[in-house]
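J.: Starting from these lines, generate the structure:
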Amino acid sequence: MTVPSPETVADRLAISDLLIRYTVAIDTKDWALLDTVFLADATLDYTTSGGPRGPYETRVREWLQKALAPFTMTQHLLSNTSATIDGDHATSRTMFYNPMGYPRHDGTLGLFFVGGYYNDRLVRMLDGWRIEERVEEQSWLSGELPEGLEIPE
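T.: Sure, this is the predicted structure:
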């Protein structure tokens, strides 16, 4: 096994921090923080979960805001990231587990769970790594979906 260089280790940590920043931004609904994860013209594909494929800034950001609005809690957990770094470009594949909660009519918390992968292409910018393309690959969904849930267009 080849020992990675200090630069490779630093890049892997920076990419890990970027992926974690995504989860924090989504789970806290901090849309300004989310803007620091993606390039403005990044292409995102959420079609496996009923969402759009399109540019982050002009299409997907607004969709995420609408799609996540009904949920009082979300918790994105990431693991098993594999990353290949080639200079200022990288690809990664990361497992996600995402419990999501919403208020039921009786005041209790309804839950469902989603699992899958984020397949990303990344680019190093002057201020750090950013995602230039994300394809979400939803593998499974379990639990009780909210009554009348409609995924926004």
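
J.: Pull out the buried residues from stretch 64-83.
T.: Judged by neighbour count (16 or more other Cβ atoms under 10 Å), stretch 64-83 contains these buried residues: L64, A67, F71, T74, H76, L78, T81, A83. For every residue, glycine as well, the C-beta is placed using N, CA and C.

J.: In strands only, show me these.
T.: T74, L78, T81, A83 (DSSP state E).

J.: With respect to V114, which of those residues is nearest?
T.: Out of these, the one with the shortest distance to V114 is T74. That distance is 9.5 Å, counting by Cβ to Cβ.

J.: what element comes up after the helix or strand containing A10 heading to the C-terminus?
T.: Secondary-structure element containing A10, defined by DSSP states H and E: helix 6-28. Secondary structure here is assigned by DSSP H and E; on that basis, the next helix or strand after helix 6-28 toward the C-terminus is helix 31-34.

J.: So which elements touch that next one?
T.: Helices and strands touching helix 31-34, by 3 or more Cβ pairs under 8 Å, 6 or more residues apart in numbering; DSSP states H and E, are helix 6-28, helix 61-68.

J.: of those, which approaches I131 most closely?
T.: helix 6-28 (7.1 Å).

J.: Report the rounded mean pLDDT for that closest one.
T.: Across helix 6-28, the average pLDDT comes to 97.

J.: which parts of it are buried?
T.: By neighbour count with 16+ other Cβ under 10 Å, helix 6-28 contains the buried residues D11, R12, I15, S16, L18, L19, R21, Y22, T23, A25, I26, D27.

J.: CA atoms only for it - export them in PDB, please.
T.: Coordinates of the C-alpha atoms in helix 6-28 are reproduced here as PDB (Å, rounded to 0.1, in the frame of the first residue of the first chain):
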ATOM      1  CA  PRO A   6       0.600  15.200   2.900                       C
ATOM      2  CA  GLU A   7      -1.000  17.100   0.100                       C
ATOM      3  CA  THR A   8      -3.300  14.200  -0.700                       C
ATOM      4  CA  VAL A   9      -4.300  13.800   3.000                       C
ATOM      5  CA  ALA A  10      -5.000  17.500   3.200                       C
ATOM      6  CA  ASP A  11      -7.200  17.400   0.000                       C
ATOM      7  CA  ARG A  12      -9.100  14.400   1.400                       C
ATOM      8  CA  LEU A  13      -9.700  16.200   4.600                       C
ATOM      9  CA  ALA A  14     -10.900  19.300   2.800                       C
ATOM     10  CA  ILE A  15     -13.200  17.300   0.600                       C
ATOM     11  CA  SER A  16     -14.600  15.600   3.700                       C
ATOM     12  CA  ASP A  17     -15.200  19.000   5.300                       C
ATOM     13  CA  LEU A  18     -17.000  20.100   2.200                       C
ATOM     14  CA  LEU A  19     -19.300  17.100   2.300                       C
ATOM     15  CA  ILE A  20     -20.000  17.700   6.000                       C
ATOM     16  CA  ARG A  21     -20.700  21.400   5.300                       C
ATOM     17  CA  TYR A  22     -23.400  20.200   2.800                       C
ATOM     18  CA  THR A  23     -25.100  18.100   5.500                       C
ATOM     19  CA  VAL A  24     -25.000  21.000   8.100                       C
ATOM     20  CA  ALA A  25     -26.400  23.400   5.500                       C
ATOM     21  CA  ILE A  26     -29.200  21.100   4.500                       C
ATOM     22  CA  ASP A  27     -30.100  20.000   8.000                       C
ATOM     23  CA  THR A  28     -30.100  23.600   9.400                       C
END
